[in-house]
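> Sequence and computational prediction follow.
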Amino acid sequence: MKRRSYLKTILAAGAGLTAASAQTATPKGQGKTPIILYVDMQVDPAKEQELIKNFHTIFKPEAVKHPGYIDVTIAKLRSALMGTAPAGMNYRFQLTYQSEELRQKWIASPEHAKVWPTIENTLTSKNYTVLLCDVV
């Protein structure tokens, strides 16, 4: 009886892994792996609610419409558990795209030029760290 339960659990876990890998898999014919862009930001504490509102109601709804979009999130730093966070950083923006070329098209679009300032205008400094990484 326990073997059946174990087998069901293993099969369910395998199906979950397959579904998760399918979400980040390279789209057929592109031959490229996705990229992740990290932006470490210093958000003005007085403008945190504005940032959160603008991200969810302006920025993200527009970003999802563009070719190559996979995901975008914003997170508030709770604590640095190991090492040190960048000086003054209190939020991290993370954008995942199917390729850097498609991300470049998105940031060159008039829509991006309209929605990014709604995020950037909540920062205490426009001198933020931007890291571009390849998914491996």
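Structure received. Numbers count the residues shown, from 1 in each chain.
> Do me a favour and get the end-to-end distance for stretch 116-132?
Start-to-end span of stretch 116-132 (Cα to Cα, to the nearest Å) is 17 Å.
> Flag every buried residue along that stretch.
Buried positions in stretch 116-132, judged by neighbour count with 16 or more other Cβ atoms under 10 Å: 118-119, 122-123, 128. Yep, even glycine has a C-beta here, placed from its N, CA and C like the rest.
> now swap in stretch 39-53 and tell me
Under 16+ other Cβ under 10 Å, the buried positions of stretch 39-53 are 39-43, 51.
> Need the CA coordinates for that stretch. PDB is fine.
Extracted C-alpha coordinates of stretch 39-53, given in PDB (Å, rounded to 0.1, in the frame of the first residue of the first chain):
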ATOM      1  CA  VAL A  39      18.100  46.100 -10.400                       C
ATOM      2  CA  ASP A  40      19.100  47.000  -6.800                       C
ATOM      3  CA  MET A  41      17.200  50.100  -5.900                       C
ATOM      4  CA  GLN A  42      17.100  52.700  -3.100                       C
ATOM      5  CA  VAL A  43      13.400  53.500  -2.900                       C
ATOM      6  CA  ASP A  44      12.500  56.700  -0.900                       C
ATOM      7  CA  PRO A  45      10.600  55.400   2.200                       C
ATOM      8  CA  ALA A  46       8.000  58.100   1.700                       C
ATOM      9  CA  LYS A  47       7.300  56.700  -1.800                       C
ATOM     10  CA  GLU A  48       7.200  52.900  -1.100                       C
ATOM     11  CA  GLN A  49       3.400  52.700  -1.500                       C
ATOM     12  CA  GLU A  50       3.600  54.600  -4.800                       C
ATOM     13  CA  LEU A  51       6.300  52.200  -6.000                       C
ATOM     14  CA  ILE A  52       4.300  49.200  -5.200                       C
ATOM     15  CA  LYS A  53       1.100  50.600  -6.700                       C
END
